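1. Next come a sequence and a model predicted from it.
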Amino acid sequence: MSSQLELRQVSVHYGGFAAVSDVSLTLERGQIGCLLGPSGCGKTTLLRAIAGFQAISSGGIFLRGEAISTPQRQLPPEQRKVGMVFQDFALFPHLNVRHNIGFGLAHLSRAERRRRVDEMLRLVALGDCAGAWPHELSGGQQQRVALARALAPSPAILLLDEPFSSLDSELRTQLAAEVRELLTRNGVTAILVTHDQHEAFAMADSIALLQHGRVAQSDTPYNLYHNPGNEFVAEFIGQGSMISVTVNAAGELNDGLGIIDRGHPHWQPGETLRLLVRPDDIEYEDGSEVQLKVVSKAFRGASYFYELLLPDGQHVPCLTPSHVDIPRGGLLPVRFNLQHVVVFERSNGAGQTSDHPAADTGAERMYQGTG
Ligand SMILES: Nc1ncnc2c1ncn2[C@@H]1O[C@H](COP(=O)(O)OP(=O)(O)OP(=O)(O)O)[C@@H](O)[C@H]1O
């Protein structure tokens, strides 16, 4: 059976500039996917190509097996069975909630339209607001109206373009989780575009992280965090730092504070590897002999996020409970808890894990070991 959405080696050019290159992705029915990445990486371009607002220069986009975009033929947006929720919700200010939701249902009879709108109002729990005007609603409520309006015509896929970015950050993650619940309960297939990884984690089953128009890694949120395929992914996801560590004469990785990894067969003494250190890899330990200088700190309510100085001048992150309050320039006693070291060996190409030795790929190899 066909996937609900399939992108086959899609490229999009603006004149001579390749904004999207060779992107392949599939989404099964009921799955929520996410296009994540820094500004300018091509997320919006790809979403517009799926919606039919942007021509593709090579490859193909298929919805339930039907080609909706190829370089030769582009199905118009209104014929694609695609629903869209925009950044600013784009509600019609002169229509009340009921009429906003019913806007795309002109092809139904009055009675059918009324039934469908009632169903959507129940779905997004806005039954009491049917007669309200958009300006009378909170940001979260407006967002739910936009969602109901996009879902009312039963699209084959829902496209969400930074749908929470105009809301404050607390509401954003909460709404992302609520919207996920609503979509999965109703079996809706959706793609979210965002540059906010917390939003992506709260909503998506799978995330394609884009870099310069290419997929850097397409994976579950868990794997993106724990098994990053290359340094770009490792640094973008989570708040890790990459540090350089040299393999010692015994073939071990030792950062000067202790042995991080006992070694791998292809590591050469003297070779410098790149090690990913996550904030939770370094723990506060009262009385520890290892004390690192505090470079900077940020209060996060329940925790402090510290940036610490290693003896060799490199910086590492550390998250502590917020009662551990050491001033900038002071010393924080810590313990390294590198249970799952992620190490990259400088080369070129994509990453691999230690379960799949990359000796013959010439890739930017990644190893995961225990500390
Ligand atoms: N109409 C256009 N003409 C020429 N270049 C464009 C056009 N639209 C986008 N670009 C370029 O294509 C690249 C990808 O843009 P796109 O808007 O898809 O990125 P994005 O990941 O959505 O960024 P953001 O998060 O800032 O919205 C950028 O370098 C951008 O400058």
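-> Now that the structure is in, tell me what you want to look at.

2. tally of neighbours for Pro153?
-> Applying other CB atoms under 10 Å, we find 16 residues neighbouring Pro153. Using the backbone N, CA and C atoms, a C-beta is placed for each residue, glycine as well.

3. what secondary structure does it sit in?
-> coil (DSSP: H, G, I helix; E, B strand; the rest coil).

4. Hmm, it is touching Gly104, no?
-> Yes: shown here, Pro153 and Gly104 form a contact pair, counting by CB atoms under 8 Å, at 4.7 Å.

5. Tell me where the stretch 201-350 of the chain is predicted with low confidence.
-> Applying pLDDT under 70 to the stretch 201-350 of the chain picks out residues 255-258, 339-341, 346-350.

6. closest point of the stretch 51-200 of the chain to the ligand, which residue?
-> Nearest residue of the stretch 51-200 of the chain to the ligand (CB to the nearest ligand atom) works out as His195 at 5.0 Å.

7. which parts of the stretch 151-300 of the chain sit against the ligand?
-> Within the stretch 151-300 of the chain, the positions lying close to the ligand (CB under 6 Å from any ligand atom) are His195.

8. the strands in the stretch 151-300 of the chain, which residues?
-> Taking DSSP state E, counting those that start in this stretch, the strands of the stretch 151-300 of the chain run over residues 157-161, 190-194, 206-211, 214-219, 241-246, 253-254, 259-261, 272-277, 282-284, 291-299.

9. The third one pairs with which strands?
-> The strands that strand 206-211 pairs with in its sheet are strand 32-36 (parallel), strand 214-219 (antiparallel) (by DSSP bridges).

10. what does the second one give?
-> Strands adjacent to strand 190-194 in the sheet, as given by DSSP bridges, are strand 32-36 (parallel), strand 157-161 (parallel).

11. Does the residue nearest to Phe103 when sequence neighbours are not counted belong to a helix, a strand or coil?
-> What sits nearest to Phe103 in space, not counting adjacent residues and going by CB to CB, 6 or more residues apart in numbering, is Arg149, at 6.1 Å. When classified by three-state DSSP, Arg149 comes out as helix.

12. circling back to that earlier point, can you tell me which of the strands paired with strand 206-211 is most buried?
-> Comparing the strands paired with strand 206-211 by mean neighbour count (mean count of other CB atoms under 10 Å), strand 32-36 comes out on top with a mean of 26.

13. which helices and strands does the next helix or strand after that strand pack with?
-> Once the chain leaves strand 32-36, the next helix or strand it forms, by DSSP states H and E, is helix 43-51. Identification of packing neighbours for helix 43-51 by 3 or more CB pairs under 8 Å, 6 or more residues apart in numbering; DSSP states H and E yields strand 5-14, strand 17-27, strand 32-36, strand 82-85, strand 157-161, strand 190-194.

14. ok, Ser21 to the ligand distance?
-> Relative to the ligand, Ser21 is positioned 11 Å away (CB to the nearest ligand atom, to the nearest Å).

15. residue contacts, that residue?
-> Counting by CB atoms under 8 Å, 6 or more residues apart in numbering, Ser21 touches Ser11, His212, Gly213, Arg214.

16. Run a quick neighbour tally on the closest residue to it other than its chain neighbours.
-> The shortest distance from Ser21 to any non-neighbouring residue, by CB to CB, 6+ apart, is to Gly213 (4.7 Å). A count of nearby residues for Gly213, using other CB under 10 Å, gives 22.

17. residue contacts, Gly213?
-> The contact partners of Gly213, by CB under 8 Å, 6+ apart, come to Val12, Ala18, Ala19, Val20, Ser21, Val23, Cys41, Gly42, Thr45.

18. cutoff 6 Å now
-> Gly213 makes contacts with Ala18, Ala19, Val20, Ser21, Gly42, as judged by CB atoms under 6 Å, 6 or more residues apart in numbering.

19. Columns pLDDT and distance to Tyr222 on top of those, output as TSV?
-> Output for the contacts of Gly213, formatted as TSV (pLDDT from 0 to 100; distance: CB to CB, whole Å):
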residue	pLDDT	distance to Tyr222
Ala18	96	31
Ala19	97	29
Val20	97	26
Ser21	97	27
Gly42	96	24
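
20. Out of the residues you listed, who's the most crowded?
-> Taking other CB under 10 Å to define a neighbour, the member of the contacts of Gly213 with the most is Val20, carrying 26 neighbours.

21. Pairing partners for that one in the sheet, please.
-> The partner residues for Val20, given DSSP bridges, come to Val12.

22. Now do the domain split for the protein, please.
-> Following automatic domain parsing, one finds the domains of the chain at 5-226, 241-369.

23. and Ala234, which of those domains is closest to it?
-> Closest to Ala234 of these, according to CB to CB: domain 241-369, at 4.6 Å.

24. still on that earlier bit, deepest of the helices and strands packed on helix 43-51, which one?
-> strand 190-194 (a mean of 27).

25. now it: how far from the chain's centre is it?
-> Here strand 190-194 is found 9 Å from its chain centre; the criterion is CA atoms, centre = their mean, to the nearest Å.

26. what do you get for stretch 288-304?
-> Counting by CA atoms, centre = their mean, stretch 288-304 is centred 27 Å from the centre of its parent chain.

27. What is the end-to-end distance of that stretch?
-> For stretch 288-304, the first and last residues are 18 Å from each other (CA to CA, to the nearest Å).
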